[in-house]
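Peer 1: Just to be clear, the model below is a prediction. Sequence and coordinates:
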Amino acid sequence: MDEYEPSSNLPAVVRAMLGTTHDRHLDLAGLVGGLPDEALAWTPCADAPALAGLVLHILDVEGHLVAIAAGEDDHWAGENGSHILDSATAEELRDAIAALSVKIRGAFASIDEARLEALAPGAGRPVGEALLEDLDHCAIHQGNGTSGRAENVRTLALGREA
């Protein structure tokens, strides 16, 4: 993935959302690209998510963003920790991150002010609010989960300092 500048025709909040997801995808791709597959699957204890599971969960939440942006009601159940206990290789994660980046850019490209204020199907609130709430959900995992988990993985599973 490379540099990306959202269209200036989009509402400022949509441009900010696109910039945020792009930056998160760069961070996630860099994170998983620097770890071997066994480190991505490492967990500190039973029933704890591995780094790969956290990345998959973030991507699942962002898949919900795509559905909201496209005006779909996808009956998402991500609030229950979808995919958080799943695993994937670094290559699979990088491919999933890149594919979702393309979907997000496409889905967000047609959002205007009217669409931001319209009710999101199945959400009971405006599209703009639903998108921001899900972006916040991703940020919580990214900030509190993936970066700290990567440091722990390097230290504990790989036996070296981050």
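Peer 2: Structure's in. What do you need?

Peer 1: other SSEs contacting the longest helix seen in the chain?
Peer 2: When the chain is parsed with DSSP state H, its longest helix is helix 12-33. If you count contacts as 3 or more Cβ pairs under 8 Å, 6 or more residues apart in numbering; DSSP states H and E, helix 12-33 packs onto helix 51-69, helix 90-108, helix 127-141. Any C-beta I mention is one placed from the backbone N, CA and C, and that applies to glycine too.

Peer 1: wait, isn't residue 115 in contact with residue 127?
Peer 2: Yes - contact criterion Cβ atoms under 8 Å: residue 115 and residue 127 qualify, at 5.7 Å.

Peer 1: Overlap in contacts, those two.
Peer 2: The contact sets of residue 115 and residue 127 overlap at residue 71 (Cβ atoms under 8 Å, 6 or more residues apart in numbering).

Peer 1: More neighbours: these two, which one.
Peer 2: Ranked by neighbour count (other Cβ atoms under 10 Å), residue 115 and residue 127 place residue 127 first, with 20 against 17.

Peer 1: Now the more buried one. Nearest residue, chain neighbours left out?
Peer 2: residue 120 (4.6 Å; Cβ to Cβ, 6 or more residues apart in numbering).

Peer 1: how close does that neighbour get to residue 113?
Peer 2: Using Cβ to Cβ, to the nearest Å, one gets 15 Å for the distance from residue 120 to residue 113.

Peer 1: Who has more neighbours out of those two?
Peer 2: A side-by-side neighbour count of residue 120 and residue 113, using other Cβ under 10 Å, places residue 120 first with 22 against 13.

Peer 1: Can you name the residues that contact residue 87?
Peer 2: Shown in contact with residue 87 (Cβ under 8 Å, 6+ apart): 40, 41, 50, 52, 53.

Peer 1: a strand runs through it, doesn't it?
Peer 2: No - assessed with DSSP: H, G, I helix; E, B strand; the rest coil, residue 87 is coil; it does not lie in a strand.

Peer 1: Need phi/psi at it.
Peer 2: Geometry field for residue 87 lists phi and psi as phi -130, psi 160, criterion degrees, to the nearest 10.

Peer 1: hmm, back to that, can you pick the most crowded of the contacts of residue 87?
Peer 2: When neighbours are counted by other Cβ under 10 Å, residue 52 leads those with 27 neighbours.

Peer 1: Which residue, other than its chain neighbours, is closest to that residue?
Peer 2: residue 40 (4.2 Å).

Peer 1: Appreciated, that's everything.
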